[in-house]
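K.L.:
Provided below for reference: sequence and predicted model.
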Amino acid sequence: DIQMTQSPSSLSASLGERVSLTCRASQDIGSSLNWLQQEPDGTIKRLIYATSSLDSGVPKRFSGSRSGSDYSLTISSLESEDFVDYYCLQYASSPLTFGAGTKLELK
Amino acid sequence: QVQLVETGGGLVRPGNSLKLSCVTSGFTFSNYRMHWLRQPPGKRLEWIAVITVKSDNYGANYAESVKGRFTISRDDSKSSVYLQMNRLREEDTATYYCSRGWFAYWGQGTLVTVSA
């Protein structure tokens, strides 16, 4: 199975700050990576697909990128609604696997 | 608009069975593969099953943790996907989600609690 190592597990940041979350894949997954956002009530929303494509309706402050086996989600300027949980998901090969999640907290 | 609504969760004893349903609307269901995923309390999301479309013979694939116990199925006439869960274990306790295709859309989840 492909392991997705997500870091940090939690991040304390301020409004307006720029932050980056990272997932490292244990094997080659090419561009087959999504970033998902989960609200406290469990609602899940896809933000980024295929590593760097922004989903319709997602604010442009969110972006995705890749450097080798490291995949990053960057939020350029944090807003209050961004302080929730984030997960990466690889869909290159079965079983599909998730990172352990990052909890973004307001400093 | 696209909607996915899971139902069928609840409290069940270990060893018993439960069937989840995911009713969808707002898109041509028959064109999309469908997934079931779950999230145990306080833990990461876990993919558990996928079913493909008619042209791919409704092929199914499962995570090892559920293989042989869970069965995914679909009814294109009802725009619905199902998860039959047999021989349930306490570690199957989780919120179960259905999702479309490449995970652009998700249901709100249904909680399954397996406990004696």
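P.N.:
Perfect, I can see it now. Numbering: from 1, shown residues only, chains lettered A, B, ... in the order given.
K.L.:
what residues does chain B put near chain A?
P.N.:
B:35, B:39, B:44-47, B:50, B:61, B:63-64, B:95, B:97, B:99, B:102-106, B:108-109 (Cβ under 8 Å from any Cβ of the partner chain). (Each C-beta comes from the backbone N, C-alpha and C, glycine too.)
K.L.:
filter those to the buried ones?
P.N.:
Buried residues within these, defined by neighbour count using 16 or more other Cβ atoms under 10 Å in any protein chain shown: B:35, B:39, B:45-47, B:50, B:61, B:63, B:95, B:97, B:99, B:102-106, B:109.
K.L.:
what residues are bridge-paired with B:Gln39?
P.N.:
B:Gln39 has the following beta-bridge partners by DSSP bridges: B:Thr95.
K.L.:
gap between it and A:Thr51?
P.N.:
Computed as Cβ to Cβ, to the nearest Å, the B:Gln39 to A:Thr51 distance reads 23 Å.
K.L.:
give me the buried positions along stretch A:88-104.
P.N.:
A:Cys88, A:Leu89, A:Gln90, A:Tyr91, A:Pro95, A:Leu96, A:Thr97, A:Phe98, A:Gly99, A:Gly101, A:Thr102, A:Leu104.
K.L.:
with only the CA atoms kept, save it in PDB.
P.N.:
Output in PDB follows, covering the C-alpha atoms of stretch A:88-104 (Å, rounded to 0.1, in the frame of the first residue of the first chain):
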ATOM      1  CA  CYS A  88      -4.600  14.500   1.200                       C
ATOM      2  CA  LEU A  89      -5.800  11.500  -0.800                       C
ATOM      3  CA  GLN A  90      -3.800   9.500  -3.300                       C
ATOM      4  CA  TYR A  91      -5.800   7.700  -6.000                       C
ATOM      5  CA  ALA A  92      -2.900   6.400  -8.100                       C
ATOM      6  CA  SER A  93      -3.300   2.800  -6.900                       C
ATOM      7  CA  SER A  94      -5.600   0.700  -4.800                       C
ATOM      8  CA  PRO A  95      -6.100   0.800  -2.000                       C
ATOM      9  CA  LEU A  96      -6.600   4.500  -2.100                       C
ATOM     10  CA  THR A  97      -5.000   6.000   1.000                       C
ATOM     11  CA  PHE A  98      -5.300   9.200   3.000                       C
ATOM     12  CA  GLY A  99      -2.900  11.300   5.000                       C
ATOM     13  CA  ALA A 100      -3.500  11.400   8.700                       C
ATOM     14  CA  GLY A 101      -4.800  14.900   8.500                       C
ATOM     15  CA  THR A 102      -3.800  18.400   9.600                       C
ATOM     16  CA  LYS A 103      -5.900  20.400  12.100                       C
ATOM     17  CA  LEU A 104      -5.500  24.100  11.400                       C
END
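K.L.:
endpoints of stretch A:54-63, how far apart?
P.N.:
End-to-end distance of stretch A:54-63: 7 Å, with Cα to Cα, to the nearest Å as the criterion.
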